[in-house]
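Colleague: Show me how the following folds:
(one chain, ligands or ions: 1)
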Amino acid sequence: MTAPPRHGHAVVIGGSIAGLLAARVLADHFHQVTVVDQDTFPDSPGHRRGVPQSHHVHGLLIGGREAIDDLLPGFTAELIEHEAPTCDLGSEFVMLSPAGWAARRPCGLRVIGASRVLVEWIIRRRVLALPNVVVRQQTRACGLAGDAKAVLGVHVRPRGQEVPREPSRETVEEVLAADLVVDAAGRGSRTPAWLGDIGAAVPAEQSFDPHLGYASRIFAIPPGHTADWKACHLLPGRGDRLRGSTLIPIEGNRWIVTLFGVGSDRPTARGEDFLPYARSLPSPLVANAVNGAQPLSEVVTTRATANRRRLITAEPGRPGNLLLTGDAAYCFNPLYAQGMTTAAFGAVLLGDCLKAGHDPADLARRYHHRLARANRAFWYMATLGDHMMSGDTSGASPARRLAARYLSRLRAAGTQDPEVHLAFLQVFTALRTPLSLYAPSTFLRVLMPRPPRRNSRRT
Ligand SMILES: Cc1cc2nc3c(=O)[nH]c(=O)nc-3n(C[C@H](O)[C@H](O)[C@H](O)COP(=O)(O)OP(=O)(O)OC[C@H]3O[C@@H](n4cnc5c(N)ncnc54)[C@H](O)[C@@H]3O)c2cc1C
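Modeller: Residues are numbered from 1 along each chain as shown. Next up, the predicted model:
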């Protein structure tokens, strides 16, 4: 039997994946949880303005999916019920790095291919059905009420009246009183500015921009299509061109294909450029797949790919009852598919903090310390990967340069040795931490790699 909620009212800004999962755990501890979102939620899986990234490939890491299953039992089963395809990460998800094709062997790690809109819709239906979760759609948060010690609530306005002339500010704006406020407003979160407005310390930010551009399109999988792979990830090869692609199968017998490139190699939004760009990749696999496949969408591009973290734990002077989660706290280069997973991990640890009996009025420090610890490995892998992709580790610390060299050797060893590739996959899919890559069994296989196999399986 669960204990009755002990606290009053929590307000969550943003009803996307991070906000909904936070609302799910808050519902166990608060009498009422109000989720505020600027959009109207579609009744079925569908795109909306506040989540423009939903047009792009969204890989859901196994660790993240398991965390969502813990919060919403049956989530994975629902994805599969909606015909989201599964594939074995070791044998059916083929990966090309500058070192070559990763060795293939079934490994029992199964990933599920699903559109971002399906993932969010399943979570939303479940969370908004909770009796003490209330949603305010078409409502934009526009500031905090309170001071540096505590927030008292959130200023909200109906969407479209952000800069009202008539009626006056007072009549359209209201304050949603809250005992705890969680900012889950994504990359565009305005919390730092709002903290400044109430006289609180503005958190410093760290960012690392790989200058990556995405162009994505959905295709119908051609009838009768057969191949010995189901999904692929092509990282840029060595040389001048920093171009790659991810293709995954999703519900509805479709492929979602993202092309990506760095700097002047970014792909365009023109439909006629898609196939030629795919042909310029280090492998023809994606071009061959989409050539002749029927496009089901326009090409959508984005450059919102920078890594950014807010250093919320560093110094005092901020309200104890204001938390950040999801992309509002940490955004990662999406190439590493970490965003939904870290949002889920953040919700789990928020639940742990509340279960441990910490007072919401003084939760921020503990929660953000734990979040920083949980996200350290993700930040490390994303920024290290970006350094390696750029081919320029000159600005990196000696430790990072060493780590980059080790990871390059690990990738090279992983082209011959499925055990080494499996060690990488377990980290890649958030089942183990990067430290596990240095376990003696893996370390030895990396330093003394198998000789190249003459008949090794190639794609
Ligand atoms: C191009 C791209 C590709 C990605 N690929 C992957 C991937 O492969 N795998 C993965 O795990 N992650 C990926 N991500 C990251 C992933 O999309 C996010 O981490 C995940 O959706 C969680 O985001 P969020 O809930 O924190 O914020 P978002 O999903 O951005 O949602 C923010 C919400 O807040 C609302 N909002 C914003 N401002 C206000 C306001 N002032 N008032 C009220 N409501 C507001 C918006 O309407 C929206 O609903 C990708 C991101 C991008 C940009």
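
Colleague: quick one: least confident helix or strand in this protein?
Modeller: Every helix and strand of the chain was ranked by mean pLDDT, DSSP states H and E. The lowest is helix 169-172, at a mean of 62.

Colleague: For this protein, which segments are assigned as helices?
Modeller: Using DSSP state H, the helices assigned to the chain run over residues 17-26, 62-71, 75-81, 116-128, 169-172, 191-197, 271-279, 285-290, 339-355, 364-390, 398-414, 418-428, 440-447.

Colleague: Now render the ones you listed as JSON lines, adding distance to the ligand and mean neighbour count.
Modeller: C-beta here means a position set from N, CA and C on the backbone, and glycine is covered the same way. Formatted as JSON lines, the helices of the chain follow (distance: least, Cβ to the nearest ligand atom, whole Å; neighbours: other Cβ atoms under 10 Å):
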{"stretch": "helix 17-26", "distance to the ligand": "3", "mean neighbour count": "28"}
{"stretch": "helix 62-71", "distance to the ligand": "6", "mean neighbour count": "20"}
{"stretch": "helix 75-81", "distance to the ligand": "14", "mean neighbour count": "17"}
{"stretch": "helix 116-128", "distance to the ligand": "6", "mean neighbour count": "22"}
{"stretch": "helix 169-172", "distance to the ligand": "14", "mean neighbour count": "12"}
{"stretch": "helix 191-197", "distance to the ligand": "10", "mean neighbour count": "17"}
{"stretch": "helix 271-279", "distance to the ligand": "16", "mean neighbour count": "16"}
{"stretch": "helix 285-290", "distance to the ligand": "16", "mean neighbour count": "19"}
{"stretch": "helix 339-355", "distance to the ligand": "2", "mean neighbour count": "23"}
{"stretch": "helix 364-390", "distance to the ligand": "10", "mean neighbour count": "19"}
{"stretch": "helix 398-414", "distance to the ligand": "20", "mean neighbour count": "17"}
{"stretch": "helix 418-428", "distance to the ligand": "12", "mean neighbour count": "21"}
{"stretch": "helix 440-447", "distance to the ligand": "25", "mean neighbour count": "14"}
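
Colleague: For the ligand, what's the nearest residue on the stretch 51-200 of the chain?
Modeller: Taking Cβ to the nearest ligand atom, the ligand has its nearest neighbour within the stretch 51-200 of the chain at residue 186, 2.5 Å off.

Colleague: pLDDT at that residue, what is it?
Modeller: Looking at residue 186, its pLDDT stands at 98.

Colleague: what's near enough to touch the nearest residue to it once chain neighbours are set aside?
Modeller: Closest residue to residue 186 in three dimensions, ignoring its sequence neighbours and counting by Cβ to Cβ, 6 or more residues apart in numbering: residue 327, at 4.5 Å. Contact analysis of residue 327 by Cβ atoms under 8 Å, 6 or more residues apart in numbering lists 18, 186, 187, 189, 339, 343.

Colleague: Contacts only, for residue 299.
Modeller: By Cβ under 8 Å, 6+ apart, residue 299 lies in contact with 215, 216, 217, 267, 268, 269, 270, 271, 273, 274.

Colleague: Return the residues in contact with the closest residue to the ligand within the stretch 351-459 of the chain.
Modeller: Here the residue of the stretch 351-459 of the chain nearest the ligand is residue 430; by Cβ to the nearest ligand atom that distance is 9.4 Å. Going by Cβ under 8 Å, 6+ apart, residue 430 touches 61, 62, 63, 64, 338, 341, 345, 378.
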